[in-house]
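Trainee: give me the fold of what follows.
(one chain, ligands or ions: 2)
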Amino acid sequence: MSLDAPQISLTFPDGATRAYARGVTPAQVAEGISKSLAKKAVSAKVNGAHWDLQWPIEQDATIALNTMEDPAGLELIRHDLAHIMARAVQEIWPDVKVTIGPVIEHGWYYDFDRAEPFTPEDLGAIEKKMKEIINRRDPVTTEVWDRERAIRYYEANHEPYKVELIEAIPGDQPIRMYWHGHWQDLCRGPHLAHTGQVPADAFKLMNVAGAYWRGDSNRPMLQRIYGVAFRNREDLKAHLTMLEEAAKRDHRRLGREMELFHFQEEAPGMVFWHPNGWTVYRALEDYMRRRLSAAGYKEIRTPQVVDRKLWEASGHWDKYRENMFITEIDEEHANEKRVNALKPMNCPCHVQVFNQGIKSYRDLPLRLAEFGSCHRYEAHGALHGLMRVRGFTQDDAHIFCTEDQIAEECAKFIGLLSTIYTDTGFAKFDIKLSTRPDVRIGTDAQWDKAEAALEKAILTVRNDFEVDPGEGAFYGPKLDFKLTDAIGREWQCGTFQADFQLPERLGATYVGEDGQKHRPVMLHRAILGSFERFIGILIENYAGRLPFWLAPRQVVVASIVSDADPYVHEVVDRLRASGLRAEADVRNEKINYKVREHSLGKVPVILALGQREVAERTVSLRRLGENDTRTLALEEAAALLAEEAKAPDQR
Ligand SMILES: [Zn+2]
Ligand SMILES: [Zn+2]
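Mentor: Ligands and ions are numbered 1, 2, ... in the order given. From the prediction side, this is the model:
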């Protein structure tokens, strides 16, 4: 159908097509289908783009209508609230200048230019005004304006930031204006049809932070107001409860209270592990080593500082350099400056190990594991405790195998990952498969085979998984594993990635049954992601009360009277002989004081020893969070605790 035809053809999700007058809007389309759909529709998807119900459709297209229940519905609520908040601010303080206000996770923000900072009382007043605007059910309207007209409009209204924004919009793009009632903003859209569609009881303004205009420290400092919004009050309440819980569990605070680690300015984003924290780390590392070894992995160790030549060959120098820490060194007796980089990932080094000597098909699959210490540059502002660091250790491994072995290796990996997540307290996790992108290497046959192998492997453990079409890496499809913590937050930790490219780039080969050289496939995989981040997740998941096998101090043996001190040391020695992490507390303090302090330090078991315990060679055992104590013979207690201290793979 040509562009001049008065009619266009729209294709619906069920495959049906219908003819419409050119310029028909999604609102009219919905109206034509049913009154109830017209009422429920909030926006549309036209040729894949998010489309306002008011925008005309000028050509043949695919169309799907969105309702509030679709992800688009929630996005619109948040986006409309950004405008409604800016309008509320200007209704209260007409001199405030508006800038930008995007949708973010859970809500939105909007940046304002105002000399005086917004106070918590101001936020309350803005919220109240927003609810008024919502209850007015003002229509939301839109027009495309001529660029000059829009600039003149904003100049007349003393909105210099909007003028600057328009000047930055490429000449071939339309200048779209939106009105929420009388209040106007520059916006790409789409939006809801009227302000009353936004639930008035399901949003909250959270806080104010400084933010430079365009992120540039030479430009004005603006005030950014953050809000969160949901479809209903229950969802908002659940989110606020989750935030409260998350604050209580903040691993940075618990890390101090439990004396696990610290950070300091001389090494941003790199962890100083203290004895307690390093004990957790090692307990987890030992456990992982045993699991990997039992699963047929061979552990290796490769250098951290590696010449740029290898990074050039691997492609990292070209594609990843801005994230790499570069070091330069003058080689002695050679006037040659060598440029090295701290490894940002282990893969190229693992290929070097594979490439030593001739490999045969009998050597495959070869599973090389490394607790690989990596460094990546992250912006200072992005760093966040153990969750986002510059120096970290991956539980990394690469499996070199044939294309035919991918499915089995992937299934084995998912089984191992599932065991490890269950052991560490994360029985619930999701799997996402990312498939071939438009730009890729490898043949379609290779991709067909690899994608089918990954899918088949997932199906061995579950039926439901998410597919992200086109989101695989250019060198192969991948799986992402997201676990859910105790307060419902999701953390992407595990990954499994097939790679047809790196073995090619770095010349990895094996001799096949036919006596010819072949390229192995390389499978990149990690389960925890990094030890640092995973320990952060563990701390928050358990609110510091780590499972006994991971607790840094498992038992504190405390004296009630000083006469018990020799017995305290004897008990500590006895427990240590059983492999328990036990410490003595013979300070001249009241037992209640000691119990309180060790409870704050999240010590799972406290043994209190007084005259009676000395006389009877018993211990009085108290568990964290319980008030009751239990008297046990020393040997009985040692045996009981030693059993509890076994890691999940040793039980
Ligand atoms: Zn907007
Ligand atoms: Zn890798």
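
Trainee: for the rest of this, base every contact and every neighbour count on C-alpha atoms.
Mentor: OK.

Trainee: what pairs with the worst-scoring helix or strand of the chain on mean pLDDT, and is each one parallel or antiparallel?
Mentor: Least confident helix or strand, the chain: strand 326-330 with a mean of 84, by mean pLDDT, DSSP states H and E. Note on strand 326-330: by DSSP bridges, its sheet partners are strand 337-342 (antiparallel).

Trainee: on that earlier part again, buried ones in the least confident helix or strand of the chain?
Mentor: Ile326 (16 or more other Cα atoms under 10 Å).

Trainee: list the contacts of it.
Mentor: In this structure, residues lying in contact with strand 326-330 by Cα atoms under 8 Å, 6 or more residues apart in numbering are 336-342.

Trainee: give me that answer again for 6 Å
Mentor: Residues outside strand 326-330 that contact it (Cα atoms under 6 Å, 6 or more residues apart in numbering) are 337-341.

Trainee: for those residues, which one is nearest Ala49?
Mentor: Within those, proximity to Ala49 (Cα to Cα) peaks at Ala341, which comes in at 41.9 Å.

Trainee: contact residues of the stretch 501-650 of the chain facing ligand 2?
Mentor: His524 (Cα under 5 Å from the ion).

Trainee: ok, and Ala150, which helix or strand is that part of?
Mentor: For Ala150, the host element (DSSP states H and E) is helix 147-156.

Trainee: may I see the buried residues of that helix?
Mentor: Neighbour-count burial for helix 147-156 [16+ other Cα under 10 Å]: 147, 150-151, 154.

Trainee: export the least confident helix or strand of the chain as CSV, just CAs?
Mentor: Extracted in CSV, the C-alpha atoms of strand 326-330 (Å, rounded to 0.1, in the frame of the first residue of the first chain):
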residue,chain,number,x,y,z
ILE,A,326,47.2,0.5,32.9
THR,A,327,50.7,0.3,34.4
GLU,A,328,53.9,1.4,32.7
ILE,A,329,57.3,0.1,33.5
ASP,A,330,60.9,0.7,32.3
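
Trainee: how about the residue in the stretch 351-500 of the chain positioned nearest to ligand 2, nearest residue that isn't a chain neighbour?
Mentor: Proximity of the stretch 351-500 of the chain to ligand 2 (Cα to the ion) peaks at His398, 6.1 Å away. With Cα to Cα, 6 or more residues apart in numbering as the criterion, His398 has its nearest non-adjacent residue at 4.8 Å, and that residue is His524.

Trainee: can you report phi and psi for that neighbour?
Mentor: Backbone torsions of His524, given as degrees, to the nearest 10, read phi -90, psi 130.

Trainee: can I get the buried part of the contacts of strand 326-330 as one ChimeraX selection?
Mentor: Applying 16+ other Cα under 10 Å to the contacts of strand 326-330 leaves a buried subset, and the ChimeraX line that selects it is:
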select :340,341
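
Trainee: for the contacts of strand 326-330, which one is nearest ligand 2?
Mentor: Distances from ligand 2 to the contacts of strand 326-330, taken by Cα to the ion, are shortest for Ala341, at 16.7 Å.

Trainee: can you check what pLDDT the model gives whichever residue of the stretch 101-250 of the chain sits closest to ligand 2?
Mentor: Residue of the stretch 101-250 of the chain nearest ligand 2, by Cα to the ion: Glu105 (29.2 Å). For Glu105, the pLDDT comes out at 92.

Trainee: cool, Ile441 as well?
Mentor: So Ile441 comes in at 83 (pLDDT).

Trainee: need the contact list for it.
Mentor: Contacts of Ile441 by Cα under 6 Å, 6+ apart are Tyr475.

Trainee: helix or strand for it, which one?
Mentor: Judged by DSSP H and E, Ile441 forms part of no helix or strand.

Trainee: Phe496 versus the closest residue to ligand 2 within the stretch 401-550 of the chain, what's the distance?
Mentor: Here the stretch 401-550 of the chain gets closest to ligand 2 at one residue, His524, 4.3 Å apart by Cα to the ion. Distance, His524 to Phe496, using Cα to Cα, to the nearest Å: 6 Å.

Trainee: please say which of these two ends up with more neighbours.
Mentor: Phe496 (22 against 18; other Cα atoms under 10 Å).

Trainee: next one, pLDDT for the more buried one please.
Mentor: 97.

Trainee: list the beta-bridge partners for it.
Mentor: Under the criterion used (DSSP bridges), Phe496 bridges to Leu479, Arg525.

Trainee: do I have it right that it meets Arg525?
Mentor: Yes - Phe496 is within contact range of Arg525, at 4.4 Å (criterion: Cα atoms under 6 Å).

Trainee: helices of the stretch 501-650 of the chain, residue ranges please.
Mentor: 502-505, 531-541, 565-577, 591-600, 611-616, 634-644 (DSSP state H, counting those that start in this stretch).

Trainee: fine, thanks again, bye for now.
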